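> Sequence below, structure please.
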Amino acid sequence: MESRRIQVGAAALHVGVTGRGPDVVVLSGGPGCVQYLERDDLAPRGHRAWHPEPRGVGRSGGGPHTMEEAIADLEGIREAAGVGSWTVVGHSWGSDLGVRYAVEHPHAVTAVVGIAGRGPQRDRTWTDAYEAGRPTQPIVEIDWAPGVHTALSASFSEWIHRPDLWRGLATCDVPMHLIAAGDDIRPSWPIEQVAALVPRGTFATVPGVPHDFWFTHPELWTRTVTDALERLRDAQRSPKEPR
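Sure, this is the predicted structure:
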């Protein structure tokens with residue numbers, strides 16, 4: 001894994017880079033967590049994977065910021081790296097950020113692989129199910145920045161209340177493959193809805209794994225991501241079929 005510092009505005013952002021092949025940007029969750037997916041054994045095979053650490057977190061400069069600024073950082077990294085477009089692989093919060101990134105910058109995002117996302121909602125029944133399941137969830141220690149988490153959570157709430165949210169998703173032509181972890185305490189219905197709404201969306205479940213299966217089942221994680229990327233690439237080579 002090569003470590004790079006990329007200047008975006010006033011902040012120097014840490015980005016780990018590994019592999020060769022089509023470009024993929026890998027987004028970790030939180031919001032506000034360090035880049036816990038920055039491991040060679042977790043990187044998708046046959047791709048060049050970029051692992052940005054969010055602004056104000058870990059090895060990256062800056063501080064609390066909005067989703068708009070997080071997306072601007074991704075665009076700044078992409079342009080500085082000379083990448084024309086890339087596929088987004090996002091876990092948890094990173095999946096939700098990746099979906100918004102694709103809607104707002106379809107020229108930059110070839111496709112999205114979103115794993116164990118929340119979906120654009122703050123539904124009470126979803127939250128109740130999540131809270132009820134927390135005692136059974138495997139504990140994974142991940143460093144995070146509380147101020148960044150608070151700011152991005154507030155920005156997420158603003159985004160999901162936008163009047164054009166669902167129209168943007170319904171008209172986004174970027175292919176999206178959304179994946180649920182079968183034993184996740186987070187209900188999967190919101191990401192199933194997004195997969196059904198976007199014109200080129202698909203949905204799948206990896207059975208028998210928890211939310212953070214990158215930690216508990218790393219080989220399966222890598223295989224799942226790699227297979228999803230290959231599936232999307234094959235689909236893009238084929239003519240689009242009407243839904």
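> Surely residue 160 touches residue 121?
Yes: under the criterion of C-beta atoms under 8 Å, residue 160 makes contact with residue 121 at 6.3 Å. Every residue, glycine included, has its C-beta placed from N, CA and C.
> list the helices and strands the worst-scoring helix or strand of the chain on mean pLDDT packs on?
Least confident helix or strand, the chain: helix 218-237 with a mean of 93, by mean pLDDT, DSSP states H and E. With contacts taken as 3 or more C-beta pairs under 8 Å, 6 or more residues apart in numbering; DSSP states H and E, helix 218-237 sits against strand 86-91, strand 109-115, strand 176-181, strand 201-206, helix 213-216.
> at 10 Å what do you get?
Contacts defined by 3 or more C-beta pairs under 10 Å, 6 or more residues apart in numbering; DSSP states H and E place helix 218-237 against strand 23-27, strand 86-91, strand 109-115, strand 176-181, strand 201-206, helix 213-216.
> For the residue nearest to the spatial centre of the chain, which residues are in contact?
Residue closest to the mean C-alpha point of the chain, counted by C-alpha atoms, centre = their mean, is residue 90 at 1.9 Å. Neighbour list for residue 90: 25-29, 37, 96-99, 101-102, 112-117, 178 [criterion: C-beta atoms under 10 Å, 6 or more residues apart in numbering].
> List the beta-bridge partners for it.
residue 27, residue 114 (DSSP bridges).
> Return the per-residue confidence for it.
Listed pLDDT for residue 90 reads 98.
> contact partners of stretch 155-170?
Against stretch 155-170 from outside (C-beta under 10 Å, 6+ apart): 31, 64-70, 93, 96-97, 99-100, 102-104, 118-122, 171, 176, 193-194, 197-199, 201.
> Out of the residues you listed, list just those in strands.
Among those, DSSP state E puts 176, 201 in strands.
> what residue ranges in the chain score low on pLDDT?
Scanning the chain for pLDDT under 70 picks out the ranges 238-243.
> what's the neighbour count on residue 211?
Neighbour count for residue 211, taken as other C-beta atoms under 10 Å: 23.
> correction: residue 130
For residue 130, using other C-beta under 10 Å, the count is 16.
> residues in contact with it?
By C-beta under 10 Å, 6+ apart, the residues touching residue 130 are 118, 137, 184, 185, 186, 187, 211.
> and if you look at residue 136?
If a contact means C-beta under 10 Å, 6+ apart, then residue 136 has 183, 185, 210 as its contacts.
> In three-state terms, how would residue 14 be classified?
Secondary structure assignment for residue 14 (DSSP: H, G, I helix; E, B strand; the rest coil): strand.
> From what I see, it and residue 73 are in contact.
No: Residue 14 lies out of contact with residue 73 (C-beta atoms under 10 Å); the separation is 11.3 Å.
> Pull up the overlap in contacts between these two.
The contact sets of residue 14 and residue 73 overlap at 6, 52, 54, 60 (C-beta under 10 Å, 6+ apart).
> So the residue nearest to residue 76 when sequence neighbours are not counted versus residue 173, what's the distance?
Nearest residue to residue 76 in three dimensions, chain neighbours excluded: residue 8, at 3.4 Å (C-beta to C-beta, 6 or more residues apart in numbering). According to C-beta to C-beta, to the nearest Å, residue 8 and residue 173 sit 27 Å apart.
> what's the burial count for residue 226?
17.
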